[in-house]
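Trainee: any chance you can model this:
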Amino acid sequence: MVAAPPTGRTFQARLTLAFVAVVAISLFAVSAIVVNRLDGYFREQEQAALDARGSVVARISALFAGTAAGNAPSTVQTANTRTMITPQRPTRSSARGRCPNQAAQQLVV
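Mentor: Here you go, the predicted structure:
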């Protein structure tokens, strides 16, 4: 009679464990690379959105500041929209209540 080999020491068991180890290492490496690339992509996308919003807020702030001083153009078209902004000369109550950031939130989608 031939005795059965001990469990875990057969060629098939070693081959299976090696295969599982290679697959696990491959999945770990690929997931690390994918997470790194997605982080970079979303970071660039968010930076572009922040830059666009900052330029809109800067233009609106300059427009309202110039209008308050009395030497601004009557209309300004923002870079990423086709909306024409025609500010009124602000009074004390409306100048305190209206913020260029609020106006930019209405323009930036």
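Trainee: quick one, strands of the protein?
Mentor: Along the chain, counting by DSSP state E, strands occupy 76-77, 84-85.
Trainee: look through this protein and tell me its longest helix.
Mentor: Longest helix of the chain, by residue count under DSSP state H: helix 11-69.
Trainee: for it, packing partners?
Mentor: Applying 3 or more CB pairs under 8 Å, 6 or more residues apart in numbering; DSSP states H and E, one finds that helix 11-69 contacts strand 76-77, helix 100-107. For the C-beta atoms, the positions are set from N, CA and C on the backbone; glycine is no exception.
Trainee: ok, of these, where does mean pLDDT dip lowest?
Mentor: Among the helices and strands packed on helix 11-69, strand 76-77 carries the lowest mean pLDDT, a mean of 55.
Trainee: okay, now the unreliable bits of the protein?
Mentor: Low-confidence segments of the chain, defined by pLDDT under 70: 1-8, 71-109.
Trainee: at 80 instead, please
Mentor: 1-9, 64-109 (pLDDT under 80).
Trainee: now do R37 against V30, distance only.
Mentor: 11 Å (CB to CB, to the nearest Å).
Trainee: wait, Q45
Mentor: On the measure of CB to CB, Q45 and V30 end up 22 Å apart.
Trainee: just give me the neighbour total for S55.
Mentor: S55 has 15 neighbours, counted by other CB atoms under 10 Å.
Trainee: gap between it and V35?
Mentor: Note on S55: its distance to V35, by CB to CB, is 31 Å.
Trainee: mind checking how far I25 is from D39?
Mentor: I25 is 22 Å from D39, by CB to CB.
Trainee: cool, and I60?
Mentor: 32 Å.
Trainee: between those two, which has more neighbouring residues?
Mentor: I60 (22 against 10).
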